[in-house]
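[1] For reference, the sequence and a predicted model appear below.
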Amino acid sequence: MTTLLKPPPALDERVGKRGMVSNLLGRPEIGALVGAIVLFIFFSIVAPVFLQANSFATVLYGSSTIGIMAVGVALLMIGGEFDLSAGVAVISSALTASLFSWYFSVNVWVGVGLALVVSLAIGFVNGWILMKTKLPSFIVTLATFLMLTGLNLALTRLIGGSVATPSIATMDGFASAQAVFANDFTIAGVDLKSPVFIWIILVAITSWLLLRTRVGNWIFAVGGDENAARAVGVPVKWTKIGLFMGVGFCGWVLGMHNLFAFDAVQSGEGIGNEFLYIIAAVIGGCLLTGGYGSAIGGAIGAFIFGMANKGIVYAQWNPDWFKFFLGLMLLLATIVNLIVKRRADSK
Amino acid sequence: MTANDMNSNETAKHAAGPTGTGPTIDQETLLQNETDPLTHTPVHLMELEGVGKHYGNIIALTEVTMAVDMGRVTCVLGDNGAGKSTLIKIIAGLHQHDEGTFKIMGQERKLTSPREALDSGIAAVYQDLAVVGLMPIWRNFFLGSEITTGRGPFRRLDVKAMKEITKNELADMGIDLRDVEQPIGQLSGGERQCVAIARAVHFGAKALILDEPTAALGVKQSGVVLRYILQARDRGLGVIFITHNPHHAFPVGDRFLLLKRGKSIGYYDKKDITLDELTAQMAGGAELAELAHELEALGSHGDLAQELEAEVAETAGQLPH
């Protein structure tokens, strides 16, 4: 029997040397990286202000407010699902913290803690309904999106009597919470805000999680082929619910920043932002069908968003052009992703 | 051609088999020789008796009796809709039977999840293949049973070890793969089957269920997969080989269960049946004769019959009768 089988040669002649370049081209985020570099050079030329350290810090800050969510959403999309409720869930979280602390006159940290519970619960409910009903996540989270939008407006008016929450600036714990979620750091004369650091830390942790842990393996698997994953014993249900809760966690972080950057929250905000998060993830190389993508890609996608957003201001153009730019970037980055991926695979 | 290879292999292997039994085994000797390693009592690795399953008022499977032993291949044959898939789903823990008994190592069980089946040493390699196409081979190999190092929050994948084991395990199975980093979706159907089999063997499967592994493959590729079935058998695994092709089943099988419309229409030891009998049983003797008449009427019977007869004779000539 064994004599019939050829022993594998030590060095297989069918494996060609794969150079650094083609290895790099095989990465999911390559399209986004190329787009980011092109956009960076473009704005550096049309708006020299763009290159100043403080302008760059502003771009980073703008990117981080999308990027924090894009991390969670990118992971969810690799896991094969969507979350259309992510935009308003951010506001729900901020409203919970603000209204609870104000209504019961407790330390704002209590509200912050409760907001975390609520955010994780929203994620859990999304994931749980999805796994129970087997409906597409598009439908399930569209329903949660509408319900949360309504709840945000109705409960804020019911409790606070207005469309915005009352100010909590003078309450206990506000200063310390602000120091965590909305602080300004001046490093070498450059003004950086805390979400930038939180964003970078989140990207680093999730990248590691995705590529070097069991959970990361499971995320790719449930997005790539749910049934195959289930058949080899991957806990599909809990992986997906966990991913929705991850989006919830990111929503809580951003919601707390939104609250403590000012001292009140507009209850009608957040609608439409879910698409920005999805766009950032898709520009970053996440496949809409799941199973492919990276956390860093989502971060680069958010950075492109930040550059386009602020770059237009620095170039002193009308901000009306922003959405056009975003659409163009989305199209170009995904086309580049596609071409590069085909090239890299056929090599 | 491939069937030829398979047959001679099979004969040679049996002569030098670990238990020393000849190619013709009957249930009695099997039971005497194969004992539960823990209790040293004669016991089947897996035993189904009168197993049935219905979905609502649809009876998918009824009165199925079969046994699986270590180092033996049990073939389940049947046409489309015969209940083969239902049967393996029960054994693999995807569905639960609602009639009869299902014993693993002499213990009556009802498996509630694929995980439970895996923990009991039953691994299934499905027709539509439980692999994630976009993921690298080594990640697929260890999916769901990853090796980790470190503790607590720093518990991480041991990438190096996993890549090395994947490469070695595949080499041990005689599977010659290019690069364990390439996405498994780029492999051919046969190669993917082999990776799945090697994975099951590595993770200490005692029983291997193969759901139509040769259905979508060409002649040569099928031969390769059949060879791995024998290799898994020689490693002491109990193999359940599901197929609708008696030409694939006969050379590798030790026992044959024939299903038709959810019912068992025969359960044979290899010594009690020949390939043409098996083929005839599969097609249903009367139906086959009818088909022959029809073909004759259409004028194409001569060539086809000659071809078939030649094939049957060739295969039968290799049999250790």
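    Looks like it arrived, so ask away. Residues are numbered from 1 along each chain as shown, chains lettered A, B, ... in the order given.
[2] hey, where'd the strands end up in the stretch 201-321 of chain B?
    Using DSSP state E, counting those that start in this stretch, the strands of the stretch 201-321 of chain B run over B:207-211, B:238-243, B:255-260, B:263-269.
[3] so can I have CSV of those showing mean pLDDT and mean neighbour count?
    Every residue, glycine included, has its C-beta placed from N, CA and C. CSV is the format used below for those (pLDDT from 0 to 100; neighbours: other CB atoms under 10 Å in any protein chain shown):
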stretch, mean pLDDT, mean neighbour count
strand B:207-211, 87, 25
strand B:238-243, 89, 26
strand B:255-260, 87, 23
strand B:263-269, 84, 17
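[4] would JSON lines of those strands with distance to chain A be doable?
    Below are the strands of the stretch 201-321 of chain B laid out as JSON lines (distance: least, CB to the nearest CB, whole Å):
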{"stretch": "strand B:207-211", "distance to chain A": "11"}
{"stretch": "strand B:238-243", "distance to chain A": "15"}
{"stretch": "strand B:255-260", "distance to chain A": "21"}
{"stretch": "strand B:263-269", "distance to chain A": "23"}
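[5] show me what contacts the residue nearest the centre of chain A?
    In chain A, the centroid-proximal residue (CA atoms, centre = their mean) is A:Ala70; its distance is 1.2 Å. Residues near A:Ala70 by CB atoms under 8 Å, 6 or more residues apart in numbering or on different chains: A:277, A:280-281, A:284, A:298-299, A:301-302.
[6] What of B:Ala60?
    B:53-54, B:83, B:86, B:262.
[7] what's the spacing between the residue in chain B that chain A sits nearest to and B:Arg199?
    Chain B approaches chain A most closely through B:Gly174 (3.3 Å), counting by CB to the nearest CB. Look at B:Gly174 and B:Arg199: by CB to CB, to the nearest Å, they are 15 Å apart.
[8] Compare the two and say which is more crowded by neighbours.
    More crowded of B:Gly174 and B:Arg199, by other CB atoms under 10 Å in any protein chain shown: B:Arg199, with 26 against 19.
[9] Surely the more buried one forms part of a helix?
    Yes. Membership of B:Arg199 in a helix is supported by DSSP: H, G, I helix; E, B strand; the rest coil.
[10] Now it: closest residue in space that isn't a chain neighbour?
    Excluding the flanking residues, the one nearest B:Arg199 by CB to CB, 6 or more residues apart in numbering or on different chains is B:Phe141, at 5.2 Å.
[11] Quick one: mean pLDDT for the strand or helix carrying the one you found?
    Using DSSP states H and E, B:Phe141 sits within helix B:137-142. In this model, helix B:137-142 has a mean pLDDT of 89.
[12] partners of the helix or strand just after it in the sheet?
    Using DSSP H and E, the helix or strand that follows helix B:137-142 in sequence is strand B:148-149. Here strand B:148-149 is paired, per DSSP bridges, with strand B:156-157 (antiparallel).
[13] Can you report the mean pLDDT over the residues of the strand it pairs with?
    So the average pLDDT for strand B:156-157 ends up being 86.
[14] How about residues contacting it?
    A:208, A:212-214, A:216-217, B:146-150.
[15] give me that answer again for 10 Å
    If you take CB atoms under 10 Å, 6 or more residues apart in numbering or on different chains as the criterion, strand B:156-157 is touched by A:208-209, A:211-217, B:138-139, B:142, B:146-150.
[16] Of those, select the buried ones using a ChimeraX command.
    To isolate the buried subset of the contacts of strand B:156-157 in ChimeraX, counting by 16 or more other CB atoms under 10 Å in any protein chain shown, use the following:
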select /A:209,211,212,213,214,215,216,217 /B:138,139,142,146
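[17] now the strands of the stretch 201-321 of chain B in CSV, with distance to A:Ser93?
    As requested, the strands of the stretch 201-321 of chain B are arranged in CSV below (distance: least, CB to CB, whole Å):
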stretch, distance to A:Ser93
strand B:207-211, 47
strand B:238-243, 51
strand B:255-260, 56
strand B:263-269, 59
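[18] Minimum distance to A:Asn273: which of those has it?
    Nearest to A:Asn273 among those is strand B:207-211 (45.8 Å), distances taken as CB to CB.
[19] Send me that closest one as CSV with only the CA atoms.
    Extracted as CSV, the C-alpha positions of strand B:207-211 are listed here (Å, rounded to 0.1, in the frame of the first residue of the first chain):
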residue,chain,number,x,y,z
ALA,B,207,-15.2,5.8,13.6
LEU,B,208,-15.1,7.7,10.3
ILE,B,209,-18.3,8.4,8.3
LEU,B,210,-17.7,9.2,4.7
ASP,B,211,-20.8,10.5,2.9
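[20] neighbouring strands for that strand, and are they parallel or not?
    strand B:122-125 (parallel), strand B:238-243 (parallel).
[21] quick check, the residue of chain B closest to chain A in a strand?
    No. Under three-state DSSP, B:Gly174 sits outside any strand and is assigned coil.
[22] tell me the phi and psi of it?
    Main-chain torsions, B:Gly174, degrees, to the nearest 10: phi 80, psi 20.
[23] That one contacts B:Cys194, doesn't it?
    Yes. The pair B:Gly174 / B:Cys194 is scored as a contact, 8.7 Å apart, by CB atoms under 10 Å.
[24] Between the two, which contacts overlap?
    By CB under 10 Å, 6+ apart, the residues touching both B:Gly174 and B:Cys194 are B:224, B:227-228, B:231.
[25] With neighbour count, pLDDT and distance to B:Arg155 added, can I get those residues in TSV?
    Formatted as TSV, those follow (neighbours: other CB atoms under 10 Å in any protein chain shown; pLDDT from 0 to 100; distance: CB to CB, whole Å):
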residue	neighbour count	pLDDT	distance to B:Arg155
B:Val224	20	79	38
B:Arg227	21	84	39
B:Tyr228	24	82	34
B:Gln231	23	82	34
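[26] Which member of the residues you listed is positioned nearest A:Ala169?
    Looking across the shared contacts of B:Gly174 and B:Cys194 and measuring by CB to CB, the closest to A:Ala169 is B:Tyr228, at 70.4 Å.
[27] for the closest one, what are its contacts?
    By CB under 10 Å, 6+ apart, the contact list for B:Tyr228 reads A:5, B:173-175, B:190, B:193-194, B:196-198, B:201, B:208, B:210, B:213, B:239.
[28] likewise A:Thr289?
    A:77, A:80, A:223-224, B:134.
[29] for it, helix, strand, or coil?
    coil.
[30] who's the residue most central in space within chain B bridged to?
    Nearest to the mean C-alpha position of chain B, by CA atoms, centre = their mean, lies B:Phe241 at 2.1 Å. Residues in a beta bridge with B:Phe241, per DSSP bridges, are B:Cys75, B:Leu210.
[31] Contacts only, for it.
    Contacts of B:Phe241 (CB under 10 Å, 6+ apart): B:73-77, B:208-214, B:225-226, B:229, B:232-233, B:248-249, B:252-254, B:256.
[32] at 6 Å instead, please
    Going by CB atoms under 6 Å, 6 or more residues apart in numbering or on different chains, B:Phe241 touches B:73, B:75, B:210.
[33] who does the closest residue in space to B:Asp98 that isn't next to it in sequence bridge with?
    Distances taken as CB to CB, 6+ apart put B:Lys53 closest to B:Asp98, at 6.0 Å, once the chain neighbours are dropped. When assigned by DSSP bridges, B:Lys53 has beta-bridge partners B:Leu61.
[34] Verify the stated contact: B:Lys53 with B:His97.
    Yes. With contacts counted by CB atoms under 6 Å, B:Lys53 reaches B:His97, the gap being 5.1 Å.
[35] Can you report how many residues neighbour A:Leu338?
    11.
[36] quick check, distance from the helix or strand it falls within to the centre of its chain.
    For A:Leu338, the element it lies in under DSSP H and E is helix A:322-346. Offset of helix A:322-346 from its chain centre (CA atoms, centre = their mean, to the nearest Å): 19 Å.
[37] circling back: hmm, which of the contacts of A:Ala70 are the buried ones?
    Among the contacts of A:Ala70, those classed as buried by 16+ other CB under 10 Å are A:277, A:280-281, A:284, A:298-299, A:301-302.
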